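>>> Build me a structure from this.
(one chain, ligands or ions: 1)
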Amino acid sequence: MKVISDLNQTPLVDRSLATVWHPCTQMKQHESFPLVAISKGKGAWLYDENGHALLDAISSWWTNLFGHSNPRINQAITAQLEKIEHVMLAGFTHTPVVELSEKLSALTHHHLGHAFYASDGASAVEIALKMSHHYWQLNGQTQKKKFVCLENGYHGETLGALAVTDVAIFREAYGLLLQDVFTVSSPDARKAKSGESAEGVAKNAAKELEKLFAKEHHNIAAIIVEPLVQCAGQMAMHSPEYLRLVRELCDRYDVHLIADEIAVGCGRSGKFFACEHAGIWPDFLTLSKGISGGYLPLSLCLTTDKIYQAFYGDQTQQGFLHSHSYTGNPLACAAALACLDIFATDKVLEKNIERSNDLANAFAWAKSDLRIEHWRQQGMILAFDVKNDFLKNPKTFSREMFANGLEGGVLIRPIGNTIYVMPPYILSPSETLQLGTSVQDALKKTLA
Ligand SMILES: *Cc1c(COP(=O)(O)O)cnc(C)c1O
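Residues are numbered from 1 along each chain as shown. Below you'll find the model as predicted:
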């Protein structure tokens with residue numbers, strides 16, 4: 001290991017590479033590939049140490065909804081800091097966590113009126129899986145233990161969440177540690193054969209699920225889905241018809257529906273919850289990422305009164321005995337409340353309709369580019385795929401695109417051959433146009 005002796009003379013990126021083990025990274029690639037040291041952010045822009053500006057087109061890993069250093073969120077956190085920074089949530093409560101739970105319940109029209117908190121997305125998924133499992137145990141249906149997940153789905157990287165994830169790169173090394181699950185076809189609309197609609201693909205995928213449920217429902221606790229967009233799975237989008245059909249099947253076969261809205265929730269899909277596009281409610285709904293506006297780690301699992309009541313009783317063991325040290329952290333809840341306040345007072349969902357139209361216009365060039373296929377959009381997510389024939393090196397395309405984006409002042413992180421943008425909900429029309437042009441320039445350079 002490299003010990004740096006002169007810290008003052010050594011660039012921050014080199015110090016970082018010496019001691020910080022970066023996530024989702026083969027560290028050796030940083031020998032040839034830039035690590036970026038960010039010193040500040042404002043609005044949709046990040047600034048490195050030399051003042052070089054980067055348009056944050058992916059909301060800092062899909063978390064930042066209202067820009068960096070947002071005065072209203074800053075103020076809410078600062079005000080909360082003066083009151084109480086943290087207190088355990090077992091045996092204690094506080095205003096931010098109560099108000100946040102009430103507001104989220106109201107947003108689900110009280111279908112999902114109970115909120116269980118954690119810090120990261122993966123933990124919220126663990127909570128949904130454990131709650132579903134425990135519910136069936138309490139209900140005397142002890143054989144209902146297995147989970148169903150979708151091909152190409154992503155739900156986080158802790159062992160329970162990874163077991164229901166189907167992205168090879170994350171699973172490969174850990175297969176032996178993971179429980180057995182049923183994996184069914186993704187309703188990915190890109191699979192449509194000529195003449196087939198996205199709805200047709202959804203119906204076929206649901207038929208396959210029906211066969212599995214018919215045979216195995218006695219052994220199945222829950223199915224977990226990412227409503228409308230499998231984000232980590234290359235922004236694969238599907239028809240809301242799939243969610244309606246899955247809801248029906250879950251009702252018919254007595255299986256829980258877990259909607260993982262960690263990425264697509266909080267307005268990303270065009271409605272506050274992606275499930276609203278299908279007019280359904282799940283039994284469990286997980287949120288994280290955008291919920292705190294990208295400020296502080298916060299996640300939660302919303303559920304129904306029916307589930308909650310099953311755990312309510314005289315025996316301690318009948319309770320849901322799960323906890324994290326920072327469960328319901330007041331600062332994070334205050335940030336989330338500030339975000340919900342911005343949604344309401346600024347009519348964000350209405351304004352995002354216009355913003356997503358601007359986004360479509362800014363990327364109209366990609367629709368007519370013959371090297372590109374599967375141009376798609378769902379609310380504030382826009383994605384398209386570069387055809388394999390045009391990739392010089394499929395393995396390095398994403399990294400080269402990232403590097404060329406940096407040079408041109410835009411932060412994008414393609415997934416394989418899929419280029420996507422998922423910007424904060426504050427881009428001005430001119431920033432949106434600039435985003436389209438910067439991505440086009442980076443692509444030109446990468447494919448040249
Ligand atoms: C990011 C993500 C998670 C995991 O959240 P972490 O905070 O990274 O643990 C789970 N599900 C979906 C759909 C996600 O996009």
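>>> Quickly list what the residue lying closest to residue 255 once chain neighbours are set aside is bridged to.
Nearest residue to residue 255, sequence neighbours excluded (Cβ to Cβ, 6 or more residues apart in numbering): residue 220, at 5.1 Å. All C-beta spots, glycine's among them, are computed from the backbone N, C-alpha and C. Listed by DSSP bridges, the beta-bridge partners for residue 220 are residue 146.
>>> Quickly note the distance from residue 220 to residue 175.
Distance, residue 220 to residue 175, using Cβ to Cβ, to the nearest Å: 21 Å.
>>> Between those two, which has more neighbouring residues?
Ranked by neighbour count (other Cβ atoms under 10 Å), residue 220 and residue 175 place residue 220 first, with 25 against 10.
>>> ok, residue 313 to the ligand distance?
For residue 313, the distance to the ligand (Cβ to the nearest ligand atom, to the nearest Å) stands at 31 Å.
>>> Which residues are in contact with the residue nearest to residue 255?
Contact analysis of residue 220 by Cβ atoms under 8 Å, 6 or more residues apart in numbering lists 144, 146, 147, 148, 182, 212, 213, 253, 255.
>>> so who does residue 389 touch?
Here residue 389 is in contact with no residues (criterion: Cβ under 8 Å, 6+ apart).
>>> mind checking how far it is from residue 309?
From residue 389 to residue 309 the distance is 57 Å (Cβ to Cβ).
>>> Quick check: residues of this structure near the ligand?
120-122, 125, 154-156, 226, 231-232, 260, 262-263, 288-289 (Cβ under 6 Å from any ligand atom).
>>> in the stretch 251-400 of the chain, which spans are helices?
Listed in chain order, the helices of the stretch 251-400 of the chain (DSSP state H, counting those that start in this stretch) span 305-310, 330-345, 348-362, 364-367, 397-407.
>>> What are the buried residues along the longest one?
Using 16 or more other Cβ atoms under 10 Å as the test for burial, helix 330-345 gives 330-340, 342-343.
>>> out of the residues you listed, who's nearest the ligand?
residue 332 (12.4 Å; Cβ to the nearest ligand atom).
>>> Surely the closest one and residue 300 touch.
No: at 10.1 Å, residue 332 does not count as touching residue 300 under the criterion of Cβ atoms under 8 Å.
>>> so how far is residue 93 from whichever residue of the chain sits closest to the ligand?
Taking Cβ to the nearest ligand atom, the ligand has its nearest neighbour within the chain at residue 121, 2.0 Å off. Distance of residue 121 to residue 93, given as Cβ to Cβ: 24 Å.
>>> Make a markdown table from the contacts of residue 220 and add pLDDT and neighbour count to it.
Below are the contacts of residue 220 laid out as a markdown table (pLDDT from 0 to 100; neighbours: other Cβ atoms under 10 Å):
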| residue | pLDDT | neighbour count |
| --- | --- | --- |
| 144 | 98 | 22 |
| 146 | 98 | 18 |
| 147 | 98 | 25 |
| 148 | 98 | 24 |
| 182 | 98 | 17 |
| 212 | 98 | 18 |
| 213 | 98 | 22 |
| 253 | 98 | 17 |
| 255 | 98 | 26 |
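>>> I'd like to know which of those are part of strands.
Taking DSSP state E, the ones among these that sit in strands are 146, 147, 148, 182.
>>> Can you tell me which of those residues is nearest residue 274?
Taking Cβ to Cβ as the measure, residue 274 lies nearest residue 148 of the ones in strands among the contacts of residue 220, at 18.8 Å.
>>> Can you tell me the SS state at the closest residue in space to the closest one that isn't next to it in sequence?
Nearest residue to residue 148 in three dimensions, chain neighbours excluded: residue 223, at 4.0 Å (Cβ to Cβ, 6+ apart). Here residue 223 is recorded as strand under DSSP: H, G, I helix; E, B strand; the rest coil.
>>> Can you verify my assumption that residue 223 contacts residue 259?
No: in this structure, residue 223 is not within contact of residue 259 by Cβ under 8 Å, at 9.9 Å.
>>> Among these two, which residue is more densely surrounded?
residue 259 (31 against 27).
>>> any idea which of the ones in strands among the contacts of residue 220 is closest to residue 105?
The closest of the ones in strands among the contacts of residue 220, once distances to residue 105 are taken by Cβ to Cβ, is residue 147, at 25.8 Å.
>>> What values do phi and psi take at the closest residue to residue 410 other than its chain neighbours?
Distances taken as Cβ to Cβ, 6+ apart place residue 438 nearest to residue 410, at 3.9 Å, with adjacent residues excluded. Note on residue 438: its backbone torsions stand at phi -60, psi -40 [degrees, to the nearest 10].
>>> Return the distance of residue 438 relative to residue 365.
Taking Cβ to Cβ, one finds residue 438 at 12 Å from residue 365.
>>> ok, back up a step: let's have the helices of the stretch 251-400 of the chain in CSV, adding mean pLDDT.
Output for those, formatted as CSV (pLDDT from 0 to 100):
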stretch, mean pLDDT
helix 305-310, 98
helix 330-345, 98
helix 348-362, 98
helix 364-367, 98
helix 397-407, 96
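>>> For residue 82, which of those is the nearest?
Across these, closest to residue 82 is helix 330-345 (Cβ to Cβ), at 10.8 Å.
>>> Give me the number of neighbouring residues for the residue nearest to residue 393 when sequence neighbours are not counted.
Spatial nearest neighbour of residue 393, excluding adjacent residues (Cβ to Cβ, 6+ apart): residue 400 at 7.9 Å. Using other Cβ under 10 Å, residue 400 has 18 other residues around it.
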